[in-house]
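Enquirer: Coordinates for the following, if possible.
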Amino acid sequence: MKIESGRNYSIQDLAPIVYEKETMELSEEVRVKVRKGRLFLEEKIARENRPYYGINTGFGELCHVQVGHDELETLQLNLIRSHACGVGPAVQDDVVRWMLVLKILSLSKGFSGVREEVLDGLLHLLNDDLIPEVPETGSLGASGDLAPLAHLCLPLIGEGVVHHSGERLEVADHRSRLKLEPITLMEKEGLALLNGTQYMAAMTAHLLHQGRRVVDVMLHIAACSSEAFQAHTEFLDPRIHEARGQIGQIEAAQRLRERRPLNPQRDAGLSHVQDPYSFRCMPQVFGATLDSMQHVNQVLEREINGVTDNPNVFPDSDAILIGGNFHGQPLAFGLDQLKVAFSELANISERRTFLLLSGKRDLPIFLTQNAGLESGLMIAQYTAAALVNRCKNLCLPASMDSIVSSNGQEDHVSMGANAGVETLQILEFVEDVLAIEMICASQALFLREMTLPSSSQAVQGLSSSCQTFLKEFRLEVNPNLEERILSTEIRQSRHALFG
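Expert: Numbers count the residues shown, from 1 in each chain. Okay, the predicted model is just below:
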């Protein structure tokens, strides 16, 4: 994909670079803007004998310390090394690829004062699949994502670790093989690389991309569970949802109808008048999650198409301006919102699992034919409940906290990076909870099939696409009425559903 000047990019536009490993390149117009910004910076500091933050001064609380001209390269090198102090597990490679894409996009605006060589170095990492190893913890989300971005950029100076073709490689030991000739960073370039919200933004982009996949699968699972529980279809009637007017709710109901169409005749023959909320209110709950994701997507796309480092250079108005575009509050709020939005998918899923195992609607308790001698799927609901509890515990907003750093200079921070790490964990738990529900839905439908004449189908209320979804799931996770080790089956279910 060629990055063009003046164009705004969506997450969908950029996703192929991350997940399909399409190459990224810069248009000549973009390169002209980058060269213009760099030339202006060099001329400005040459003709004005004054301190400019991060260009010829120290960083953070050390901004009052001016650095001599002959030490400016060392200043930028020291910045990268000293700030690479992250800890914890390595962030998954897809998130790091997002970080590279978004850092390139930000620097390509021409307001950061970096040379083309720096952008070309980042493009080399991305396009040659040399993925820097980035520890997950260390950013406060408000001087930019300093520690994660420092680790991201260590390979540019010939240091750090990269993941390549399944190997974990120390850059210093494999420079020639990886074609990573160290770049000598010039004035401001180290600071431009480290200032910015690309770690928070990368996690948000990945969460939204994966979240859409999870929602799509979840809608199939919910349809299977509804059919297994013999829930009404009336609650999906579009008139109900249009009467309220909530956009996400209307969409959720429509997508559920595509998987389990309205069936008034069958509804009329059911002995129960209405269903519990975990079935009847699915459009309202799912729709609220869709609305939250849409809002966060809008905030994110403004962020990734903007400039989030400091200071910024403005050649057309002869200015170098100091501000705070690196503060991650918009993304921190959004990530905390996603925590709740995703957690509720697990919360309501566990309730449907509970009902499928409850012995109601002519289904045997715990979906076993030998209750007492066998426990059936009883403990699967325990695991789902434990996962939901963990989701709820992680929903405490990280953005409500702020801890003073840099000796008081950076006295309010967003903690958005921690919110992102927690949201990633929540989404993993959601996938496990949904995997458990699908095991129960599949088994419940299988038990209904056993009681029907051979010509009848227990899944007659599901659309053809949803029936195909069920059949494909059963190729990997067959209904099984014998006692077995369920943890293995849950892993198989999650793999079948989410890969």
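Enquirer: what separates the residue most central in space within the chain from residue 159, distance-wise?
Expert: Computing the C-alpha centroid of the chain and ranking residues by Cα atoms, centre = their mean puts residue 207 first, at 1.6 Å. Distance, residue 207 to residue 159, by Cβ to Cβ, to the nearest Å: 30 Å. Where C-beta positions appear, they are placed from N, C-alpha and C, glycine not excepted.
Enquirer: Same question for residue 332.
Expert: Taking Cβ to Cβ, one finds residue 332 at 30 Å from residue 159.
Enquirer: what about those two, which has more around it?
Expert: residue 332 (28 against 19; other Cβ atoms under 10 Å).
Enquirer: give the contact list for the nearest residue to that one once chain neighbours are set aside.
Expert: Spatially, and ignoring its direct neighbours in sequence, residue 332 is nearest to residue 416 (3.2 Å; Cβ to Cβ, 6 or more residues apart in numbering). Residue 416 makes contacts with 139, 141-142, 197, 200, 328-329, 331-332, 335, 398-399, as judged by Cβ atoms under 8 Å, 6 or more residues apart in numbering.
Enquirer: how does it look with 7 Å?
Expert: By Cβ atoms under 7 Å, 6 or more residues apart in numbering, the contact set of residue 416 is 141, 200, 328, 331-332, 335, 399.
Enquirer: Ok, residue 54 next?
Expert: By Cβ under 7 Å, 6+ apart, the residues touching residue 54 are 188, 191, 311.
Enquirer: cool, and residue 462?
Expert: 223-224, 227, 259-260.
Enquirer: Can you list phi and psi of the spatially closest residue to residue 60 that is not a sequence neighbour for me?
Expert: Once flanking residues are discounted, residue 60 sits nearest to residue 406: 3.6 Å by Cβ to Cβ, 6+ apart. When read as degrees, to the nearest 10, the backbone of residue 406 gives phi 50, psi 50.
Enquirer: returning to what we had before: looking at the contacts of residue 462, which two lie furthest apart in space?
Expert: Greatest spatial distance in those: 227 and 259, 9.3 Å, computed using Cβ to Cβ.
Enquirer: thinking residue 10 is in contact with residue 300, fair?
Expert: No. With contact defined as Cβ atoms under 7 Å, residue 10 and residue 300 do not form a contacting pair (9.5 Å).
Enquirer: Pick out whichever of those two has more residues nearby.
Expert: Neighbour comparison, residue 10 and residue 300: the larger count goes to residue 300, with 24 against 12 (by other Cβ under 10 Å).
Enquirer: What separation is there between the more buried one and residue 271?
Expert: Separation of residue 300 from residue 271 (Cβ to Cβ) stands at 48 Å.
Enquirer: quick one: residue 120 and residue 31, what's the gap?
Expert: Counting by Cβ to Cβ, the gap from residue 120 to residue 31 is 10 Å.
Enquirer: likewise residue 258?
Expert: Distance, residue 258 to residue 31, using Cβ to Cβ: 46 Å.
Enquirer: Tell me which of those two has more neighbours.
Expert: Comparing residue 258 with residue 31 by neighbour count (other Cβ under 10 Å), the higher total belongs to residue 31, at 18 against 15.
Enquirer: Once you drop chain neighbours, what's closest to that one?
Expert: In this structure, residue 31 finds its nearest non-sequential neighbour in residue 116, 5.9 Å apart by Cβ to Cβ, 6+ apart.
Enquirer: where does that neighbour land on pLDDT?
Expert: Note on residue 116: pLDDT of 97.
Enquirer: Below-threshold pLDDT in the stretch 351-499 of the chain: ranges please.
Expert: Where the stretch 351-499 of the chain drops to pLDDT under 70, the residues are 455.
Enquirer: ok, now with 50
Expert: The stretch 351-499 of the chain contains no residues with pLDDT under 50.
Enquirer: And the helices in it?
Expert: In the stretch 351-499 of the chain, the helices defined using DSSP state H, counting those that start in this stretch lie at 378-394, 416-450, 464-476, 486-498.
Enquirer: Among these, which comes closest to residue 76?
Expert: Nearest to residue 76, of the helices of the stretch 351-499 of the chain and by Cβ to Cβ, is helix 416-450 at 22.9 Å.
Enquirer: what angle sits between the closest one and helix 486-498?
Expert: 100 degrees (axes from the mean of the first three to the mean of the last three Cα atoms, to 10 degrees).
Enquirer: What is the neighbour count of the residue nearest to residue 104 when sequence neighbours are not counted?
Expert: Counting by Cβ to Cβ, 6+ apart, residue 122 is the residue found nearest to residue 104 once chain neighbours are left out, at 5.1 Å. If you count neighbours by other Cβ under 10 Å, residue 122 ends up with 25.
Enquirer: Show me how far stretch 157-170 is from its chain's centre.
Expert: 23 Å (Cα atoms, centre = their mean, to the nearest Å).
Enquirer: How about residues contacting it?
Expert: For stretch 157-170, the surrounding residues in contact (Cβ under 7 Å, 6+ apart) are 77, 80, 93, 129-133, 151, 154-155, 171-172, 175, 178, 180, 182-183, 185.
Enquirer: Kindly report the same for stretch 101-115.
Expert: 3, 9, 14, 17-18, 24, 26, 30, 33-34, 36-38, 41, 118-119, 122-123, 126, 186, 188-189, 192, 196, 198, 201-202, 304, 307-309, 312-314.
Enquirer: Drop anything exposed from these.
Expert: 3, 9, 14, 17-18, 24, 26, 30, 33-34, 37-38, 41, 118-119, 122-123, 126, 186, 188-189, 192, 196, 198, 201-202, 304, 307-309, 312-313 (16 or more other Cβ atoms under 10 Å).
Enquirer: of the contacts of residue 54, closest to residue 383?
Expert: For these, the closest approach to residue 383 (Cβ to Cβ) belongs to residue 191, at 47.1 Å.
Enquirer: What does the residue nearest to the closest one when sequence neighbours are not counted show for phi and psi?
Expert: Closest residue to residue 191 apart from its sequence neighbours, by Cβ to Cβ, 6+ apart: residue 54 at 3.9 Å. With angles defined as degrees, to the nearest 10, residue 54 sits at phi 70, psi -10.
Enquirer: buried set for stretch 388-406?
Expert: 388, 390-392, 394-395, 397-399, 402, 405-406.
Enquirer: Correction: the previous question concerned stretch 272-283.
Expert: 275-276, 278-280, 282-283.
Enquirer: returning to that earlier point: which strands and helices lie in contact with the helix or strand in which the residue nearest to the centre of the chain is found?
Expert: Using DSSP states H and E, residue 207 falls within helix 198-228. Contact here means 3 or more Cβ pairs under 7 Å, 6 or more residues apart in numbering; DSSP states H and E; on that basis helix 198-228 packs against helix 11-19, helix 93-107, helix 146-153, helix 247-259, helix 282-304, helix 329-356, helix 416-450, helix 464-476.
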